[in-house]
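In: I would like to see how this sequence folds:
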Amino acid sequence: MRWALVKVCVAVTTMVVVAFAVPLGLVIKEMARDRAFSNAEREAAAIAPALSITTDRDELEKVVASAGPGDAMAVHIPAGEGTKAVDIGSGRAPAKDIATTRRLGRASMAEVPGGSALLQPTALSSGDIAVVEVYVPESEVSNGVATAWAVLAAVGVALVVGSVAVADRLGVRMVQPAQRLVEGAHELGEGRLAARVPEEGPTELRLAAVAFNSMADQVVQLLANERELAADLSHRLRTPLTVLRLNAASLGDGPAAEQTRAAVAQLEREVDTIIRTAREAKPQTAAAGPGAGCDAAEVVRERMEFWSALAEDEGRKWRVAGVDRPVRTPVAQADLAAALDALLGNVFRHTPEGTAFAVDVHNGEDAVIVLVSDAGPGILDPQAAMARGRGSGSAGSTGLGLDIVRRLAESTGGDVRIGSSVLGGTEVRIWFQLDGRAPVRRGHRVRRRRALVSAFNRPRSLP
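Out: Coordinates of the predicted model:
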């Protein structure tokens, strides 16, 4: 927009300069010509009084010498009764042009080498017509024209440069508010809710900035209201959780009672985390800073210890691999545990009892992969299953669990894929990026190393 305005101003100014400078240059040239010939006419008129008084050669030579340079003026006196024709000075005009001027009795111009000659007829006392010739060189005709044209060209260039400067300032005044509006929109789209745009510039852009700031304020208010609502709804769970904890405490001893009490305690911790997160309005996904994150192997072992008891009750075979050594992952321990619980919960919820499942962890050079697979019926539409609020289409499936897993992976620059497992059912592959790249957009693919992918495509056996 800025450069378009500059181009328009340059074109318009150039047209105006050309429209005025070219005719003005031609006028200056014509004025210089008229000035040169007017001077020649004055010089010729200065000889006329002397010619009307005398035709003596000596006297006329003195007059011609005093009127101008000797090589610039000449007098042609025709022959009379008993007198010869007299030519005084250096004549350049052809004889026929002199004769024509004498016959017609009016001034004329004759082209001569190096310029022009003014032929001025003058009456003598004898009644004959003498012709006064004044030489006008070409340099005198064009005297000052080149300088005047140079001045006009300089003025034209100055006008064009000035118009460019003015147009550039006007363009900046219009473009900068638009650029700030675009930058503010990008910042708001990237989640920086404090992004605002200065309300300045032309009226239209100022109104757009006002509307943008109002929209941003409303977005912040809506998010704050949503967080408060989430916190309030989570707080309502405290009362039934308290009753559930008291009931669990009265179950006595035994593995089932211990598992129930552990589940209730974990549920209370998760509710507290939700309330704190909603109140603080801080994301609790990817860890930050050097050394931050958690040991994925430890988290997998802990969660598999919890789910293994339920698996034994339902007759499910299970296997875990890749957890014999620490695997550093750039996410918080609670978030990774919640993601694993969401995936394993889906296995228990959407596959028949007795269905086998497995959890594999692989530590690559630039990524960590956690693979959860099962031997169930699989997912007919993996893409739809990843959509928040839709799920796999089976009863009780909303897609929220997979959406939590996806957002956790994308917070590190990774992603989540759903495919067919070697067990015959569903395979959910979580990719955590280790190089600290910015989160990828939803739907964008992340390049994977072939060796890392092929490591999970080899058949595995269950214990």
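In: Would you map the helices across this structure?
Out: Along the chain, the segments classed as helices by DSSP state H run 2-45, 48-53, 57-67, 95-104, 138-141, 145-189, 203-235, 238-249, 255-280, 296-313, 333-350, 382-385, 400-410, 450-454.
In: taking the mean pLDDT, what do you get for the fifth one?
Out: On average, the pLDDT along helix 138-141 is 81.
In: Then the third one?
Out: Averaging pLDDT along helix 57-67 yields 73.
In: Now do that helix: which elements does it pack against?
Out: Using 3 or more C-beta pairs under 8 Å, 6 or more residues apart in numbering; DSSP states H and E as the contact criterion, the elements in contact with helix 57-67 are helix 48-53, strand 73-77, strand 86-89. Quick note: C-beta positions are derived from backbone N, CA and C, even for glycine.
In: now the second one against helix 57-67, angle please.
Out: Right, the one you point to is strand 73-77. 150 degrees (axes from the mean of the first three to the mean of the last three C-alpha atoms, to 10 degrees).
In: So what touches strand 73-77?
Out: 43-44, 47, 51, 55, 60, 64, 67, 85-92, 98, 102, 124, 128, 130-135 (C-beta atoms under 8 Å, 6 or more residues apart in numbering).
In: Next, find the distance separating the spatially closest residue to Pro177 that is not a sequence neighbour from Met215.
Out: Among residues not flanking Pro177 along the chain, Gly201 sits closest, at 3.1 Å (C-beta to C-beta, 6 or more residues apart in numbering). Distance from Gly201 to Met215, counting by C-beta to C-beta, to the nearest Å: 18 Å.
In: who has more neighbours, the two?
Out: Between Gly201 and Met215, counted using other C-beta atoms under 10 Å, the more crowded position is Gly201 (20 against 12).
In: Looks like the more buried one contacts Val175 (just checking).
Out: No - using C-beta atoms under 8 Å as the test, Gly201 is too far from Val175 to be in contact (9.1 Å).
In: Now stretch 212-219: buried residues?
Out: Burial within stretch 212-219, assessed by neighbour count using 16 or more other C-beta atoms under 10 Å, is assigned to 212-213, 216.
In: before we move on, what about stretch 197-214?
Out: 197, 201, 205, 208-209, 212-213.
In: and which of these is nearest Arg245?
Out: The nearest member of the buried residues of stretch 197-214 to Arg245, counting by C-beta to C-beta, is Asn213 at 47.4 Å.
In: Relative to Ala185, how far out is the residue nearest the centre of the chain?
Out: In the chain, the centroid-proximal residue (C-alpha atoms, centre = their mean) is Gln179; its distance is 8.1 Å. Going from Gln179 to Ala185 by C-beta to C-beta gives 11 Å.
In: What lies in contact with stretch 108-122?
Out: 37, 40-41, 44-45, 47-48, 51-52, 92-94, 97-98, 100-102, 104-107, 129-141.
In: any idea how far it is from the chain center?
Out: Counting by C-alpha atoms, centre = their mean, to the nearest Å, stretch 108-122 is centred 68 Å from the centre of its parent chain.
In: Name the residues of that stretch that are buried.
Out: So for stretch 108-122, counting by 16+ other C-beta under 10 Å, buried means 108, 110, 112, 115-122.
In: Take those residues and keep only those in strands.
Out: 108, 110, 112, 115-122 (DSSP state E).
In: returning to what we had before: relative to Phe348, which of the buried residues of stretch 212-219 is nearest.
Out: Ala216 (43.1 Å).
In: Roughly how far does the residue lying closest to the closest one once chain neighbours are set aside sit from Asp253?
Out: Using C-beta to C-beta, 6+ apart and skipping residues adjacent in sequence, the residue nearest Ala216 is Leu188, 5.7 Å away. Spatial separation of Leu188 from Asp253 under the definition C-beta to C-beta is 56 Å.
In: More neighbours: those two, which one.
Out: Leu188 (19 against 7).
In: mind checking pLDDT for the more buried one?
Out: 84.
In: ok, now which ones touch it?
Out: Taking C-beta under 8 Å, 6+ apart, one finds 195, 216, 219 in contact with Leu188.
In: Test my guess that the first one contacts Ala216.
Out: This means Ala195. Yes - under the criterion of C-beta under 8 Å, Ala195 makes contact with Ala216 at 6.5 Å.
In: Quick check: neighbours shared by these two?
Out: 184, 188.
In: Format the contacts of Leu188 as TSV; extra columns: distance to Ala367 and pLDDT.
Out: As requested, those are exported to TSV (distance: C-beta to C-beta, whole Å; pLDDT from 0 to 100):
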residue	distance to Ala367	pLDDT
Ala195	31	84
Ala216	35	87
Val219	33	86
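In: for these, which one is nearest Gly293?
Out: Nearest to Gly293, judged by C-beta to C-beta, of those is Ala195 at 28.9 Å.
In: Now tell me which helix or strand of this protein has the poorest mean pLDDT.
Out: helix 450-454 (a mean of 44; mean pLDDT, DSSP states H and E).
In: hang on, Val331 packs against Gly413?
Out: No - in this structure Val331 lies outside contact range of Gly413 using C-beta under 8 Å: 11.5 Å.
In: the more surrounded of these two?
Out: Legend: neighbour count by other C-beta under 10 Å for Val331 and Gly413, higher for Val331 (26 against 21).
In: And the pLDDT at that one?
Out: Reading off the model, Val331 has pLDDT 88.
In: before we move on, what about Pro326?
Out: 90.
In: what's the burial count for it?
Out: With other C-beta under 10 Å as criterion, Pro326 counts 12.
In: tell me the contacts of it?
Out: 295, 297-298.
In: Relative to Ala297, how far out is it?
Out: 6 Å.
In: what about the stretch 151-300 of the chain, any weak spots by pLDDT?
Out: 168, 171-172, 231-236, 238-239, 242-243, 246, 275-292 (pLDDT under 70).
In: and if you look at the stretch 1-150 of the chain?
Out: 1-6, 67-71, 81-82.
In: Identify the residue nearest Val75 in space, chain neighbours excluded?
Out: Ile88 (4.3 Å).
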